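# Model the structure of this input:
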Amino acid sequence: MPGAWPTRNGLCRGVVTVLLPRLKIRAFPDTFTRMTLPGHPRIAIDPAVCGGRPIVAGTRMRVSDVLEMLAGGATPAEIAADFPYVGEADVRAVLAYAAGLADHPVVIAAE
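Sure, this is the predicted structure:
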């Protein structure tokens, strides 16, 4: 069926709403391909790539993979050397994207 893709409850047709913290993006299925995020041109979301998780635009490198490498002690230069399709500017863009997602109040219940 053109313009439809599988979901948990069958096939999805029509307008799709993607919910991310602080973002609400609406797209039509036929035009929903590798969309870069507003304010983050180096970060993209494509339902057909990596399960719709955020990726470095033009690659299959997930944002979470880059963050895990940085958390493990890798430098942006090391990541760029190990993965030639990801530059140091892409690594900085991943950090900026993650910083934006973490910039919200956290409420902790009192015990």
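
# which residues of this protein score low on pLDDT?
1-34 (pLDDT under 70).

# go again using 90 as the cut-off
The chain contains residues with pLDDT under 90 at 1-41, 46-49, 51-52, 58, 101, 103-111.

# Quick one: the helices in it, in order.
Using DSSP state H, the helices of the chain run over 63-71, 76-82, 88-102.

# How about the contacts made by R53?
R53 makes contacts with 45, 62-64, as judged by Cβ atoms under 8 Å, 6 or more residues apart in numbering. Heads up, the C-betas are built off the backbone N, CA and C, glycines and all.

# Closest to Y85 out of those residues?
Lowest distance from Y85 to the contacts of R53 (Cβ to Cβ) belongs to R62, with 13.1 Å.

# Could you check how far that closest one is from E68?
Distance, R62 to E68, by Cβ to Cβ, to the nearest Å: 9 Å.

# circling back: can the helices of the chain go into JSON lines with extra columns for distance to P38 and mean neighbour count?
Below are the helices of the chain laid out as JSON lines (distance: least, Cβ to Cβ, whole Å; neighbours: other Cβ atoms under 10 Å):
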{"stretch": "helix 63-71", "distance to P38": "16", "mean neighbour count": "17"}
{"stretch": "helix 76-82", "distance to P38": "24", "mean neighbour count": "15"}
{"stretch": "helix 88-102", "distance to P38": "11", "mean neighbour count": "16"}
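
# Out of these, which gets nearest to A57?
Proximity to A57 (Cβ to Cβ) singles out helix 88-102 among those, at 8.1 Å.

# Any chance you could list what contacts that closest one?
For helix 88-102, the external contacting residues (Cβ under 8 Å, 6+ apart) are 20-22, 37, 39-43, 54, 56, 59, 61, 63, 66-67, 70, 76-77, 79-80.

# That one to helix 63-71, inter-axis angle?
100 degrees (axes from the mean of the first three to the mean of the last three Cα atoms, to 10 degrees).
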